[in-house]
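Visitor: turn this into a structure:
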Amino acid sequence: MDGTAIKIPMVGKVIEVKKKVGETVRKKEIIAVLDSMKMKVPVFSPVDGTIKELNASVGQVLNKGHILAIIS
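Guide: Predicted coordinates for the structure are as follows:
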C-alpha cells in the first residue's frame, strides 16, 4: 500500500466527511467526524498529503481499525 493509512480509533457512525478523494490535507486537519457513544470524535490526518482513497460515507457505521483513508 502506498501512502499512510488512517484507521478509525473506535466504533462509530460517520456524521461528517470533510474531505474528498484528490483534495490536499494538512497534518492535524480533520478528515471526518464520528459519533461514538453520543460523543463527536474527529479523525485527524497525521501527515500532509493528498487523499488517495476514502472508505466512508455519512451514516456508515465503522469498526475500530477500519481504514478511513489513504493519504499519499
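Visitor: correct me if wrong: S72 contacts V47.
Guide: No: here S72 lies out of contact with V47, judged by Cβ atoms under 8 Å, at a distance of 9.3 Å. For glycine as for every other residue, the C-beta is placed from the backbone atoms N, C-alpha and C.
Visitor: got any residues that touch both of these two?
Guide: T4 (Cβ atoms under 8 Å, 6 or more residues apart in numbering).
Visitor: so where is the protein shaky, pLDDT-wise?
Guide: Residue ranges of the chain with pLDDT under 70: 1.
Visitor: can you give me the strands in the protein?
Guide: Using DSSP state E, the strands of the chain run over 4-7, 12-17, 24-25, 30-36, 39-44, 49-54, 61-62, 67-71.
Visitor: how far off centre is the fifth one?
Guide: Strand 39-44 sits 9 Å away from the centroid of its parent chain (Cα atoms, centre = their mean, to the nearest Å).
Visitor: got the CA positions of it in CSV?
Guide: Output in CSV follows, covering the C-alpha atoms of strand 39-44 (Å, rounded to 0.1, in the frame of the first residue of the first chain):
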residue,chain,number,x,y,z
MET,A,39,-19.6,11.9,21.6
LYS,A,40,-18.3,13.7,18.4
VAL,A,41,-14.9,12.2,17.6
PRO,A,42,-12.9,14.0,15.0
VAL,A,43,-10.4,11.9,12.9
PHE,A,44,-7.3,13.9,12.1
